[in-house]
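>>> For reference, the sequence and a predicted model appear below.
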Amino acid sequence: MPVLNRIASYAEEMKTWRRHLHAHPELSFDCHETAAFVTARLTEFGVDEIHGGIAKTGLVAIINGQRPGPTIGLRADMDALPILEATGMPHASTISGRMHACGHDGHVTMLLGAAKYLAETRNFAGRVALIFQPAEEDAGGGQVMVREGIMDRFAITEVYGLHQEPNMPLGWFLTTPGPFMAAVDTATVTLTGKGGHAAYPDICTDPIVPMVGMVAALQTIIPKNLNPLDEAVVAVTMIHAGTATNIVPDTATFCATLRSFSPDVRQTLKRRVLEIVEGHAQAYGVTARVDYDWGYPATVNHPRETAFALTAARDVVGENVDGNWPRDMSSEDFSYLLEARPGAFLFLGTGPGPGLHSATFDFNDEVAPIGSSYFVRLVERAQPLS
């Protein structure tokens with residue numbers, strides 16, 4: 001089965017929705033206008049229930065099937081990024097310094113397209129819970145929605161999501177069972193010594209020298225402490241120290257991102273960061289504070305649900321699927337939903353173009369009917385009437 005004809009027939013309407021959302025981006029949990037737009041469309045479609053105010057601006061909508069059964073969850077994230085748009089498109093952001101540079105406008109559109117079709121046809125048993133989530137980019141809105149009880153409140157038994165991906169084959173679905181996207185943690189290290197005149201280093205305690213040693217030593221964690229088959233990243237991404245060439249500063253700070261797939265590797269990374277920082281601090285006579293932020297956990301696909309999701313994808317795009325796609329070092333707070341319920345997360349290729357989080361990125365509207373049809377097939381296959 002290719003893209004559903006009914007969904008293809010309102011592709012232009014979906015494009016209008018998407019471009020409206022693109023022109024009106026909102027950040028983090030402050031997705032008030034976006035939630036209002038989604039609520040208005042869902043009301044037009046005649047969904048059975050709309051529950052707002054979850055994780056501040058998130059919402060869950062319910063569509064009932066033709067007979068009793070379980071509830072399947074489908075999720076789209078809604079938030080944009082603090083980026084000044086440079087696409088020059090007629091539908092470019094109307095708010096300076098904000099843009100949909102990660103395609104969440106497309107994700108919302110694809111779930112709305114599925115909602116319209118499912119509310120019209122109801123060719124399924126049980127219920128569909130449509131999850132429109134804020135704050136994927138920065139604050140773990142998925143975790144907040146789970147903590148606020150959406151899985152139990154709406155009796156969701158399994159959950160599915162997708163992310164459009166530029167520079168991957170147009171219309172292909174890509175995923176893998178097990179760990180698919182990385183856990184991401186952040187270490188912020190602040191070193192305190194004794195500043196003074198740079199002409200007299202002997203009466204100062206320079207925090208820059210131990211910082212340089214720490215940064216270099218962190219690069220030994222992966223080759224020297226992990227199995228070569230373990231996949232991980234340790235990258236120092238910020239360094240701040242000093243104000244002038246003739247002053248030894250009192251403090252120096254650096255930040256590192258740490259990415260991994262297994263809980264054991266994740267713990268090893270933290271342990272080695274703390275040991276390296278402590279050892280260098282003692283050796284050079286400075287004090288060190290490590291603020292270690294546990295970020296999003298790894299996005300781990302459940303094997304049975306991943307196989308099922310790929311079957312639903314084949315209904316739409318034939319053999320244009322890859323169920324053994326390499327793991328991805330980026331992170332995704334859909335991980336919290338997969339910790340709470342079985343399910344799967346897939347990439348949907350959108351073809352060549354600027355990458356995610358780029359000021360020139362724009363969602364490819366051609367793939368919206370594909371994503372909507374995939375969501376529909378998940379529901380109709382998971383909860384058939386016959």
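Nice, thanks for sending it over. Numbering: from 1, shown residues only.

>>> residue ranges for the helices of the stretch 251-386 of the chain, please.
263-284, 303-317, 334-340, 368-382 (DSSP state H, counting those that start in this stretch).

>>> wait, which of these is closest to A55?
Closest to A55 of these is helix 334-340 (Cβ to Cβ; 11.1 Å). The way it works is simple: take the backbone N, C-alpha and C, and place the C-beta from them, glycine included.

>>> one step back: please work out which of the helices of the stretch 251-386 of the chain is packed deepest.
helix 368-382 (a mean of 25; mean count of other Cβ atoms under 10 Å).

>>> for it, packing partners?
helix 5-9, helix 11-23, strand 71-77, helix 104-121, strand 156-165, helix 303-317, strand 343-349 (3 or more Cβ pairs under 8 Å, 6 or more residues apart in numbering; DSSP states H and E).

>>> can you redo the ones you listed as JSON lines with mean pLDDT and distance to G196?
Below are the helices and strands packed on helix 368-382 laid out as JSON lines (pLDDT from 0 to 100; distance: least, Cβ to Cβ, whole Å):
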{"stretch": "helix 5-9", "mean pLDDT": "92", "distance to G196": "69"}
{"stretch": "helix 11-23", "mean pLDDT": "98", "distance to G196": "53"}
{"stretch": "strand 71-77", "mean pLDDT": "98", "distance to G196": "50"}
{"stretch": "helix 104-121", "mean pLDDT": "98", "distance to G196": "50"}
{"stretch": "strand 156-165", "mean pLDDT": "98", "distance to G196": "51"}
{"stretch": "helix 303-317", "mean pLDDT": "98", "distance to G196": "59"}
{"stretch": "strand 343-349", "mean pLDDT": "98", "distance to G196": "53"}
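
>>> Next up, the contacts around W325.
Contact analysis of W325 by Cβ atoms under 8 Å, 6 or more residues apart in numbering lists L174, T175, T176, F180, F347.

>>> which one of those residues sits closest to T205?
F180 (45.8 Å).

>>> And that closest one, its phi and psi?
Dihedral angles of F180 (phi, psi; degrees, to the nearest 10) stand at phi -120, psi -40.

>>> just to revisit the earlier point, which of the helices of the stretch 251-386 of the chain sits closest to T71?
helix 368-382 (10.1 Å).

>>> what's the offset of that closest one from the middle of its chain?
Taking Cα atoms, centre = their mean, to the nearest Å, one finds helix 368-382 lying 20 Å from the centre of the chain it belongs to.

>>> Quick check: N167 touching F347?
No. Between N167 and F347 there is no contact under Cβ atoms under 8 Å: 10.9 Å.

>>> Show me which of the two is the more surrounded one.
F347 (19 against 12; other Cβ atoms under 10 Å).

>>> Can you show me the strands along the stretch 51-200 of the chain?
Taking DSSP state E, counting those that start in this stretch, the strands of the stretch 51-200 of the chain run over residues 58-64, 71-77, 127-133, 156-165, 173-174, 178-181, 183-192, 196-197.

>>> on that earlier part again, okay if I get the helices and strands packed on helix 368-382 as JSON lines plus distance to V212?
Output for the helices and strands packed on helix 368-382, formatted as JSON lines (distance: least, Cβ to Cβ, whole Å):
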{"stretch": "helix 5-9", "distance to V212": "57"}
{"stretch": "helix 11-23", "distance to V212": "44"}
{"stretch": "strand 71-77", "distance to V212": "39"}
{"stretch": "helix 104-121", "distance to V212": "39"}
{"stretch": "strand 156-165", "distance to V212": "37"}
{"stretch": "helix 303-317", "distance to V212": "44"}
{"stretch": "strand 343-349", "distance to V212": "38"}
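
>>> Pretty sure N167 is one of the things P352 touches, is it not?
Yes. Between P352 and N167 there is a contact under Cβ under 8 Å: 5.8 Å.

>>> Find the residues that touch each one of these two.
With Cβ under 8 Å, 6+ apart as the test, P352 and N167 reach no residue in common.

>>> Just the terminal-to-terminal distance for stretch 355-362.
9 Å (Cα to Cα, to the nearest Å).

>>> tell me which residues in it are buried?
S358, F361, D362 (16 or more other Cβ atoms under 10 Å).

>>> Next, the first one: phi, psi?
I take that to be S358. phi -100, psi 150.

>>> Need the pLDDT of it.
On pLDDT, S358 comes in at 96.

>>> mind checking which of the strands of the stretch 51-200 of the chain is nearest P263?
It is, among these and with distance given as Cβ to Cβ, strand 183-192, at 8.3 Å.

>>> list the contacts for P354?
Applying Cβ under 8 Å, 6+ apart, the residues near P354 are P166, T360, F361, D362.

>>> Can you list the buried residues in the worst-scoring helix or strand of the chain on mean pLDDT?
Least confident helix or strand of the chain, by mean pLDDT, DSSP states H and E, is helix 5-9 with a mean of 92. Buried residues in helix 5-9, counting neighbours by 16+ other Cβ under 10 Å, are found at R6, I7.

>>> Now flag whichever of the buried residues of stretch 355-362 is closest to L4.
D362 (24.7 Å).

>>> Fine, thanks again, bye for now.
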